[in-house]
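Colleague: below is the structure, and that's it, no one-letter string:
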């Protein structure tokens, strides 16, 4: 049996399914990222797993305990919310100690545990400050410390990096990856950012319309999404080619001088530093996106030009 | 195991529902149920009192409808005329001492109605007596002009406040956008930055109409029989032992009020969905002719307000304004002979008032806490149609409320417990306000806070939400206290028709006036004024400012 088992979980709000027949298993120490667009049921799934909401049917087993009907406080599941939900009236120390105090740890134990985790996460110097007085990155680490100091069986993270600027986001992303390894954390990480999800997850699940479309290794998932919705979500161009429905990643399209696979008329193009991004329309009216390396001779290309394109790699869409 | 957990979850849900319904059940039990019993037990055929009939009852009915509508309408109109420009000014412009100016502007609305009536009397009588050229000012101490002036003094700050809050909320980028699109200044006002203010000011005027339609203190004390409103008439009819007619007029008044109360509730719910909160930082820097015109108007309003309130204090130490100060009025107020004539120990009205107001504040705030806890745990919307029951106290005006509760419970209560009815009524009157304060304060605490506390095995309400909402609860308690302290209409009814030993300070002022102990009444009114100002200052400095009306 896996460390976390979710079996046929369903939850309806009114007549509509927020979650429909979701099943997945997670091994101890594994990070599973759940990708999907807004409203796909990612947060609903986390809320059901941590006990803030309850499924209409199905089971949740964590560390060999059936927790399906248990309230949040009895599941031993940590959760980091989108807004982090640090208590503004408490210092960073008291925020981290909150769960330990609730579990009636002794004062000495609490001090020791908070100091240890703070050292590990490099937040010792902000322990006496309130959340409003510390930086965004430190707040993330305090939230992380608060959630893992109680040694939860499972840690849930609901798009916790959303509010950060891009540079800090990358730093904290690396930090999560490194901490999860050090503490051997089992994590379900929810995001709609494809790169973030692929980077963090050992395996990646894709949720669409309340259904878990697929869960697989990140590489297999990205390189061979198979499904049209998933391919589109990952950024593939979808088109009909030689009687077949195919997906082509923007980097797998290139300009050729002769014998083109397809042709397209430039609708817009721009230079983004590390690449050119070009939007084209095919004869069938399909809009394609193409990335070309920065050394490409694209400066003379203008809107309305017809380009001959070759396909380097394609995938079949079912 | 699964079943036990399911039952425990259901039990928790039932518990949260009972918390959510606590204030509604309280109001249904202490206001609606007695009102329905009143309607049932004292049937009166109003067909014999048709509006066009010539019987005495018809004439009374006609007069009550006419006076209530006229006073309500005129007061709403003038309150809008005075309050709306004030609200536009303080909402639109940023200037030094803006916060203090807003507080001073709002003060009259916070004062007990009896204090305002007595202050008007003190001010205009002396002013009109000082010169024959301004003798006409005496008309503001009596009859229709006096009632309207007092209603406007009381309600214009409310209109100004609600208007200014709506204007402060507007997004400056929208105005810039309208400018770049070539929109003129007037169009920018009524389509962009002033639009919400106009709607809010209009709904505030409707509130002013409700308060004035059901006006009691001013029509009772200075109105005379020709200006009696429904409320005063019901109070008088009960005094004349005509309970059936009083009950019939109560029903009729409530039916008439039904439409404006529903319109107002719907308008509040709609306005409640506006995003963003007003900020002291919002507003344009003050300059230009419109700014100076507004500033002048605000200064005149505050100056008039200060003069009226100061005159009460002066009259309490120098009743004839001859510069011969003495504390004789205070000695008279707390003297044994006054106590003997009022049939109460000298300091007891003050003690009674503090006791009732404390309990009313505690009850209304506790019910508010239960309600918000239930609402948050059940994830109900901040303003749902279901909450309309909280506005029952607006629908069943104070005298009607007091009459119903007195007839249903008072007649069965041993007289020594009559104070309980006073507390219940004062708490009921405070509930619509305290619940709005609590709702606004708690809405700023994200749900993820208590969810996070739950996952950490903590007590979300006591360890997270209560500490975060400390100032909100403090504000609610202070508002509840102030409302209890200033409640005159129902308290007067209940003390008048039970025992004088339950009399609080506000009612003592009225009784002192009736006994022609004018100096003592000024002294009592000054004490009440000082206490009200003290609580107002506390709310402004410690609590969540003006949060009740967000």
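Modeller: Looks like it came in fine. All figures in this text were calculated on a predicted structure; none of them were measured in a lab.

Colleague: could you tell me which residues of chain B lie near chain A?
Modeller: Proximity of chain B to chain A, by Cβ under 8 Å from any Cβ of the partner chain, involves residues B:1-2, B:5-6, B:9, B:446, B:448-449, B:451-459, B:463-464, B:467-468. In this view, the C-beta of every residue, glycine as well, is placed from N, C-alpha and C.

Colleague: out of those, which are buried?
Modeller: B:448-449, B:451-458, B:463-464, B:468 (16 or more other Cβ atoms under 10 Å in any protein chain shown).

Colleague: tell me the two of those residues that are most distant?
Modeller: For those, the farthest-apart pair by Cβ to Cβ is B:457 and B:468; their separation is 18.8 Å.

Colleague: helix or strand with the lowest mean pLDDT in chain A?
Modeller: helix A:166-183 (a mean of 86; mean pLDDT, DSSP states H and E).

Colleague: what is it packed up against?
Modeller: With contacts taken as 3 or more Cβ pairs under 8 Å, 6 or more residues apart in numbering or on different chains; DSSP states H and E, helix A:166-183 sits against helix A:107-121, helix A:136-148, strand A:187-191, helix A:194-200.

Colleague: what does the domain assignment say about the chain?
Modeller: Since no chain was named, I'll use chain A. If you go by automatic domain parsing, the domain ranges for chain A are A:4-223, A:239-316.

Colleague: not quite, go with chain B.
Modeller: Split by automatic domain parsing, chain B gives B:10-41+B:332-550, B:54-326.

Colleague: reformat those as TSV; add distance to residue A:178.
Modeller: Converted to TSV, those look like this (distance: least, Cβ to Cβ, whole Å):
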stretch	distance to residue A:178
domain B:10-41+B:332-550	24
domain B:54-326	39
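
Colleague: ok, back up a step: so which of the helices and strands packed on helix A:166-183 is the most surrounded?
Modeller: Burial of those is given as mean neighbour count (mean count of other Cβ atoms under 10 Å in any protein chain shown); strand A:187-191 ranks first at a mean of 25.

Colleague: quick check: residues of chain A near chain B?
Modeller: A:50-52, A:54, A:68-75, A:77-79, A:81-83, A:85, A:87-89, A:98-99, A:101-103, A:146, A:150.

Colleague: residue B:469 reaches residue B:442, doesn't it?
Modeller: Yes: under the criterion of Cβ atoms under 8 Å, residue B:469 makes contact with residue B:442 at 5.6 Å.

Colleague: rewinding a little: what about the domains of chain B, which gets the closest to residue A:123?
Modeller: domain B:10-41+B:332-550 (17.6 Å).

Colleague: now that closest one: mean pLDDT?
Modeller: For domain B:10-41+B:332-550, mean pLDDT is 86.

Colleague: same check on stretch A:63-83?
Modeller: 90.

Colleague: tell me which residue is most central in chain A.
Modeller: residue A:191 (3.0 Å; Cα atoms, centre = their mean).

Colleague: per-residue pLDDT, that residue?
Modeller: Residue-level pLDDT assigned to residue A:191 equals 93.

Colleague: OK, contacts around it?
Modeller: A:33-35, A:159, A:161, A:197, A:200 (Cβ atoms under 8 Å, 6 or more residues apart in numbering or on different chains).

Colleague: which of those residues fall in helices?
Modeller: A:197, A:200 (DSSP state H).

Colleague: of the contacts of residue A:191, just the buried ones, PyMOL syntax please.
Modeller: Of the contacts of residue A:191, the buried ones can be selected in PyMOL as follows, counting by 16+ other Cβ under 10 Å:
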select buried, chain A and resi 33+34+35+159+161+197+200
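
Colleague: out of the contacts of residue A:191, which is nearest to chain B?
Modeller: residue A:159 (11.9 Å; Cβ to the nearest Cβ).

Colleague: in contact with the residue lying closest to the closest one once chain neighbours are set aside, which residues?
Modeller: With Cβ to Cβ, 6 or more residues apart in numbering or on different chains as the criterion, residue A:159 has its nearest non-adjacent residue at 4.9 Å, and that residue is residue A:82. With contact set as Cβ under 8 Å, 6+ apart, residue A:82 has these partners: A:158-160, A:162-163, B:448.

Colleague: residue A:82 belongs to a helix, doesn't it?
Modeller: No: applying DSSP: H, G, I helix; E, B strand; the rest coil, one finds residue A:82 to be coil, outside a helix.

Colleague: still on that earlier bit, point out the most buried one among the domains of chain A.
Modeller: Buried most deeply of the domains of chain A, by mean count of other Cβ under 10 Å, is domain A:4-223, with a mean of 19.

Colleague: any idea how far that one is from the chain center?
Modeller: 11 Å (Cα atoms, centre = their mean, to the nearest Å).

Colleague: for stretch A:213-225, same thing?
Modeller: Using Cα atoms, centre = their mean, the offset of stretch A:213-225 from its chain centre is 13 Å.

Colleague: what comes into contact with that stretch?
Modeller: A:24, A:32-33, A:194, A:197-198, A:201-207, A:226-227, A:229-231, A:233-234, A:236, A:247, A:315.

Colleague: hmm, back to that, among the contacts of residue A:82, which one lies nearest to residue B:32?
Modeller: Among the contacts of residue A:82, and counting by Cβ to Cβ, the member closest to residue B:32 is residue B:448, at 37.1 Å.

Colleague: does the closest one sit in a helix or strand, and which one?
Modeller: Using DSSP states H and E, residue B:448 maps to helix B:447-455.

Colleague: and what of residue B:91?
Modeller: helix B:56-92.

Colleague: partner strands of the helix or strand following that helix, with direction?
Modeller: Next in sequence after helix B:56-92, counting helices and strands by DSSP H and E, comes strand B:93-94. Sheet pairing of strand B:93-94 (DSSP bridges) gives strand B:284-285 (parallel).

Colleague: is the residue of chain A most remote from its centre in a helix, a strand, or coil?
Modeller: Ranked by distance from the centre of chain A (Cα atoms, centre = their mean), the top residue is residue A:258, with 41.0 Å. The three-state label given to residue A:258 by three-state DSSP is coil.

Colleague: over to the closest residue to it other than its chain neighbours. Which of the three states is it?
Modeller: Using Cβ to Cβ, 6+ apart and skipping the chain neighbours, the partner closest in space to residue A:258 is residue A:308 (7.5 Å). State at residue A:308, reduced to three classes by three-state DSSP: strand.

Colleague: these two touch, right, residue A:308 and residue A:260?
Modeller: Yes: counting by Cβ under 8 Å, residue A:308 does reach residue A:260; the two are 3.5 Å apart.

Colleague: any figure for the gap between residue A:307 and chain B?
Modeller: To chain B, residue A:307 is 38 Å away according to Cβ to the nearest Cβ, to the nearest Å.

Colleague: show me the helices in chain A, by range?
Modeller: Under DSSP H, chain A gives helices at A:42-50, A:92-102, A:107-121, A:136-148, A:166-183, A:194-200, A:218-223, A:228-234.

Colleague: show me the one of the ones you listed that comes nearest residue B:425.
Modeller: Short answer: helix A:92-102, nearest of these by Cβ to Cβ, at 41.8 Å.

Colleague: show me what the closest one is packed up against.
Modeller: helix A:107-121, helix A:136-148.

Colleague: which residues touch that helix?
Modeller: By Cβ under 8 Å, 6+ apart, the list of residues contacting helix A:92-102 reads A:73, A:86-87, A:90, A:109-110, A:113-114, A:117-118, A:123, A:126-131, A:134, A:138, A:142-143, A:145-147, A:149-150, B:453, B:456-459, B:463.

Colleague: next: stretch A:165-173.
Modeller: In contact with stretch A:165-173 (Cβ under 8 Å, 6+ apart) are residues A:136-137, A:140-141, A:161, A:164, A:196, A:199-200.
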